[in-house]
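Asker: Take this sequence and fold it.
(2 chains)
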Amino acid sequence: MIEIGRICIKLAGRDAGMKCVVVDMLGSNMVMIDGQTRRRKCSIRHLEPLENVLKIKKGASHSEIAAEFKKLKIETKESKPRKAAEKPMKVRKSSEKSEEEKSAKAAKKQAKEEKKKEKKAEPKKAKKHIKKK
Amino acid sequence: MPTGRHKSRTFRRVFKRTPGGDTRMYYLKRKPKKAHCAKCGAVLSGVPRERPYKMKKLSKTQKRPQRPFGGNLCSRCTRLLLIEKARQGA
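Answerer: The predicted model follows:
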């Protein structure tokens, strides 16, 4: 009764009540199923065979089975492989600054140093002046 | 002496050891009945037996099996029902 291509209804577990196809025979009691259910190993005691038999190869892929199911108007759930959510990358502060900012900073630094030099020359007099007072 | 309402057995008595080392008795409301299969009356497994305020805290998946008719029919009755439906359709 149960052979490759046989459409079955799953009776147990969270996929119970869903239609599936036997894809592969694994030993005397176990089969590989796919279709509305997840692609998984299953005991034949958990399957109720139906009339239809699909013409599929042994170990057919999920897309092939989904196409066959479409012909019979059985909807299959397409689950996309999960993509990891893109997290904003942490950037170090030093590398965050653009070149323009760097050059602007360098210019500022130069200006400061120049001012310092000027001050060094000048304030001595001023200090003396204060002391005199 | 316990107060009047604590003398009857409407409350269940729970003994708990306090941090101080002595045991104290608490009066708590009784738990509801176990969940039963709607068809055959068997006790359902996978359905917790708690008061509503505790059931509210549980997630949906913790409250019943994730199967069609989960938490309503037992697994055996579900299986029979699915087989019956499959054979009717065929």
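Asker: which residues touch the residue nearest to residue B:83 when sequence neighbours are not counted?
Answerer: Distances taken as C-beta to C-beta, 6 or more residues apart in numbering or on different chains put residue A:48 closest to residue B:83, at 5.1 Å, once the chain neighbours are dropped. C-betas here are computed from N, CA, C, even on glycine. Counting by C-beta atoms under 8 Å, 6 or more residues apart in numbering or on different chains, residue A:48 makes contact with A:8-9, A:11, B:82-83, B:86-87.
Asker: cutoff 10 Å now
Answerer: A:8-11, B:79, B:82-87, B:90 (C-beta atoms under 10 Å, 6 or more residues apart in numbering or on different chains).
Asker: Help me confirm that it is found in a strand?
Answerer: Yes: counting by DSSP: H, G, I helix; E, B strand; the rest coil, residue A:48 is found in a strand.
Asker: Against residue A:16, how distant is it?
Answerer: 10 Å (C-beta to C-beta, to the nearest Å).
Asker: Now the common contact residues for these two.
Answerer: What both residue A:48 and residue A:16 touch, as defined by C-beta under 10 Å, 6+ apart, is the set A:9-10, B:79, B:82.
Asker: if we can go back for a sec, so how do I select the buried members of the contacts of residue A:48 in PyMOL?
Answerer: Typed into PyMOL, the line below selects the buried ones among these, using 16 or more other C-beta atoms under 10 Å in any protein chain shown:
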select buried, (chain A and resi 8+9+10+11) or (chain B and resi 79+82+86)
